[in-house]
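Q: test case, fold it:
(2 chains)
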Amino acid sequence: MRKGSVASMIEIYFGVMIIMFIFVSSIYFSQQGEFRSNADVIAVNSGFECYNNLNNILKSDKIFDKKTSLHLGESDDDLTNLNKIDQHLLNLNLNFKLSISEDCESFEENCELDDSYTTISHGDLSNKEKVISCSLAISKKVCEEDCVKFLHMELYK
Amino acid sequence: MKKGIIILLYSIGLVAVLSLILISTYEPQNFTVEIGKSQKELIKLTEISQNYQTFVEDSANYAAYDSRFYSGNDFETNFVLEFEERMNEYPKFYKDFTIFEYSVNMDYTFEFDDETNLVKVSGFPLKIVDSKIYLSSDDVIFEGEEELIRSYILINSSIINFKFYPYFELYSEYNVANIEENNEEGNI
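A: Residues are numbered from 1 along each chain as shown, chains lettered A, B, ... in the order given. Modelled structure (predicted):
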């Protein structure tokens, strides 16, 4: 056997041994390995309070002389109507904004209010953070361009 | 280059890659988990469904009011057109909105009372079942009429499917102009 071919055999031998070592150790470590992770758990506000308040307002016949949804659909005086709803909820220990607007493309995401909406505030909103907002639709009696408008609520805590 | 050197270089490369993987997975991974998203969507869908029911009732009332000058088929046509136009403006609130649009395919019933001039209008969700196909003895295909059944709207969201039954039932005046004319003639 020539001198060079012996050295080549030794290189092949070491190479094969290292590959074997890599395979065996990778199998071993894959079994022993622990994945570490840090998870920040955030509880999402369900929005039940917001939607429930809005639905109660729209179904109530105590605020106006008829069901609120019908009254809001018939009247264009949004500010007066919102103030009357505010008066009705005077004893409610809740901080919120209530708005009426004409536009909302989809309920899948939250409605984006444009500049033309009318809004009132209830309670002390200073130093409070908006926790959730929700919107529901009202059928308009006079249906020239749009047949629908929207009542929005933003809750602050 | 000798075969042994190639294998050695290959081995060193593998060791380097393996080391990189081990180092990268050693450090803890940080991520944020939001809990309650499903509950939020469920509440949103149920509450908006209630709002949809209110919207159905109010729209039906307005459509009936606007149709009060008509009677018979004219009342029915005017009512259905206006009601469905109003309902089509309700914003979509879940992904599979095509089924929701189908909700305006309602089964309407009209009961006119000529004595009181009040019409009872009701509407329920309607499902169109595929038309039945008959095969006669001489292999001629006959297509039957579409079968309509009262049904529900199936709301398909990403987390929940539920059945929803919007409906309305109302009493409204009809043929109002004729009544006023008759009253005026009577007064004369």
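Q: CA only for contacts and neighbour counts going forward, please
A: Noted.
Q: so how far is chain B from residue A:93?
A: 22 Å (C-alpha to the nearest C-alpha, to the nearest Å).
Q: sorry, wrong one. I was asking about residue A:94.
A: Using C-alpha to the nearest C-alpha, one gets 20 Å for the distance from residue A:94 to chain B.
Q: packing partners for the longest helix anywhere in chain A?
A: In chain A, assigned by DSSP state H, the helix with the most residues is helix A:3-32. Contacts defined by 3 or more C-alpha pairs under 8 Å, 6 or more residues apart in numbering or on different chains; DSSP states H and E place helix A:3-32 against helix B:3-26.
Q: ok so, going back, in the longest helix of chain A, what's buried?
A: A:11, A:12, A:14, A:15, A:16, A:18, A:19, A:22 (16 or more other C-alpha atoms under 10 Å in any protein chain shown).
Q: residue A:52 reaches residue B:47, doesn't it?
A: Yes: between residue A:52 and residue B:47 there is a contact under C-alpha atoms under 8 Å: 7.0 Å.
Q: mean confidence for the strand or helix carrying residue B:172?
A: Residue B:172 is part of strand B:168-173 when elements are defined by DSSP states H and E. In this model, strand B:168-173 carries a mean pLDDT of 94.
Q: ok, now stretch B:38-50?
A: For stretch B:38-50, mean pLDDT rounds to 86.
Q: buried sites along it?
A: Residues B:39, B:41, B:42, B:43, B:44, B:45, B:47, B:48, B:49, B:50 are the ones in stretch B:38-50 that count as buried (16+ other C-alpha under 10 Å).
Q: mind checking the SS state of the fifth one?
A: Using DSSP: H, G, I helix; E, B strand; the rest coil, the structure places residue B:44 in helix.
Q: that one touches residue A:50, doesn't it?
A: No: at 9.8 Å, residue B:44 does not count as touching residue A:50 under the criterion of C-alpha under 8 Å.
Q: which stretches in chain A count as strands?
A: Per DSSP state E, chain A carries strands over the ranges A:37-43, A:95-101, A:118-122, A:130-139, A:148-156.
Q: what do you get for chain B?
A: B:29-35, B:106-113, B:118-129, B:133-135, B:141-143, B:147-150, B:153-156, B:161-164, B:168-173.
Q: for those, give me TSV that also has mean neighbour count and distance to residue A:61.
A: Below are the strands of chain B laid out as TSV (neighbours: other C-alpha atoms under 10 Å in any protein chain shown; distance: least, C-alpha to C-alpha, whole Å):
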stretch	mean neighbour count	distance to residue A:61
strand B:29-35	11	37
strand B:106-113	16	27
strand B:118-129	18	22
strand B:133-135	11	51
strand B:141-143	11	51
strand B:147-150	12	31
strand B:153-156	18	28
strand B:161-164	13	25
strand B:168-173	16	18
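Q: and the ones you listed, which one's lowest on average pLDDT?
A: Lowest mean pLDDT of the strands of chain B: strand B:147-150, a mean of 61.
Q: if the nearest residue to residue A:102 once chain neighbours are set aside is in a bridge, with which residues?
A: Closest residue to residue A:102 apart from its sequence neighbours, by C-alpha to C-alpha, 6 or more residues apart in numbering or on different chains: residue A:149 at 4.5 Å. With DSSP bridges as the criterion, residue A:149 is bridged to residue A:138.
Q: neighbours around residue A:149, how many?
A: Residues within reach of residue A:149, counting by other C-alpha atoms under 10 Å in any protein chain shown, total 20.
Q: overlap in contacts of residue A:52 and residue B:47?
A: Residues touching both residue A:52 and residue B:47 (C-alpha atoms under 8 Å, 6 or more residues apart in numbering or on different chains): none.
Q: wait, isn't residue A:120 in contact with residue A:99?
A: Yes: applying C-alpha under 8 Å as the test, residue A:120 and residue A:99 come out as touching, 6.5 Å apart.
Q: more neighbours, the two?
A: Taking neighbours as other C-alpha under 10 Å, residue A:120 and residue A:99 compare with residue A:99 leading, 20 against 16.
Q: residues contacting the closest residue to the more buried one other than its chain neighbours?
A: Of all residues not flanking residue A:99 in the chain, residue A:119 sits nearest, at 4.1 Å (C-alpha to C-alpha, 6+ apart). By C-alpha under 8 Å, 6+ apart, the contact set of residue A:119 is A:79, A:82, A:97, A:98, A:99, A:100.
Q: now swap in residue B:112 and tell me
A: Going by C-alpha under 8 Å, 6+ apart, residue B:112 touches B:72, B:118, B:119, B:120.
Q: could you check how far the last one is from chain A?
A: Meaning residue B:120. As judged by C-alpha to the nearest C-alpha, residue B:120 and chain A stand 20 Å apart.
Q: per-domain residue ranges of chain A.
A: Per automatic domain parsing, the structural domains of chain A span A:1-37, A:48-156.
Q: so which of these is the most packed in?
A: Mean neighbour counts were compared across those using mean count of other C-alpha atoms under 10 Å in any protein chain shown; the top stretch is domain A:48-156, at a mean of 17.
Q: now do that domain, average pLDDT.
A: Domain A:48-156 shows an average pLDDT of 87 in the prediction.
Q: can you check stretch A:20-36 too?
A: When pLDDT is averaged over stretch A:20-36, the result is 74.
Q: now do stretch B:23-40: distance to the chain's middle.
A: Mean C-alpha position of stretch B:23-40 versus that of the full chain (C-alpha atoms, centre = their mean, to the nearest Å) differs by 35 Å.
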